[in-house]
Structures are given as C-alpha cells and as structure tokens.
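**Q** Pasting a predicted model and its sequence here:
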Amino acid sequence: MLQLETVVDRILEAVRLAPACQLDDLVLSLPGLTWNQVFLEVDHLSRRGQVWVTAKGQGVYTVRLPTKESHGRPKQPPRHSPLRKAKKAA
C-alpha cells in the first residue's frame, strides 16, 4: 500500500535538505501546497520546537531544524514567534 507523506513530513524533509532556507523558498519547494498550508504548519512546528524560525528582515524569515545540542530549543528563545507577528500584521 502506498503511504502518503503528511504536510509536516514534507516540510521537515524540505528543511532538512535545505538548511536555513527562507520561508518563501520553502513554499516553492513544496508543489501542491499553498503558502497558507506551509505557513500554518511551520508555525505549529516552531511552537513545538521542531523548527526554528528567524526573522532576517522585514517579511523575510529563515526556517531551520534545531541543533542536536539544543534539544529542540534555542538557547535564548524569542519572546514572541516571528510568525505570530506576521499573522497580526496581515
């Protein structure tokens, strides 16, 4: 039986293959998914510590996997998720 990858699986694999990719580039690397689908799942993954999202400028975000040494959490976690700010601004 063919096993379909979930949206989360696809996102995590894409980030693994392209470390520190920009959010917009991540969306382009996932055909068949909308920007909204990717954004929502990246936001959830970020809140669970499965990916790190870093603001690199106005409207530019990078997505990467946490390092093994950090156990899934940044050393100094941001006070607010950059994605949460982007949602409020939209």
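**A** Sure thing, it's come through.
**Q** Could you check the pLDDT of the residue sitting nearest the centre point of the chain?
**A** The residue lying closest to the centre of the chain (CA atoms, centre = their mean) is Val42, at 3.6 Å. For Val42, the model assigns a pLDDT of 97.
**Q** number of nearby residues for the nearest residue to it once chain neighbours are set aside?
**A** Nearest residue to Val42 in three dimensions, chain neighbours excluded: Val63, at 5.9 Å (CB to CB, 6 or more residues apart in numbering). Any C-beta I mention is one placed from the backbone N, CA and C, and that applies to glycine too. Val63 has 24 neighbouring residues, counting by other CB atoms under 10 Å.
**Q** Equivalent analysis for Val60, please.
**A** For Val60, using other CB under 10 Å, the count is 12.
**Q** same check, this time on Lys68
**A** For Lys68, the neighbour count with other CB under 10 Å is 7.
**Q** Ile11 too?
**A** Count around Ile11 with other CB under 10 Å applied: 25.
**Q** From the chain's centroid, how far away is the helix or strand hosting it?
**A** Assigned by DSSP states H and E, Ile11 belongs to helix 7-17. Averaging C-alpha positions (CA atoms, centre = their mean, to the nearest Å) puts helix 7-17 9 Å from its chain's average.
**Q** Give me the packing partners of it, helices and strands only.
**A** With contacts defined as 3 or more CB pairs under 8 Å, 6 or more residues apart in numbering; DSSP states H and E, helix 7-17 has these neighbours: helix 23-28, helix 35-47.
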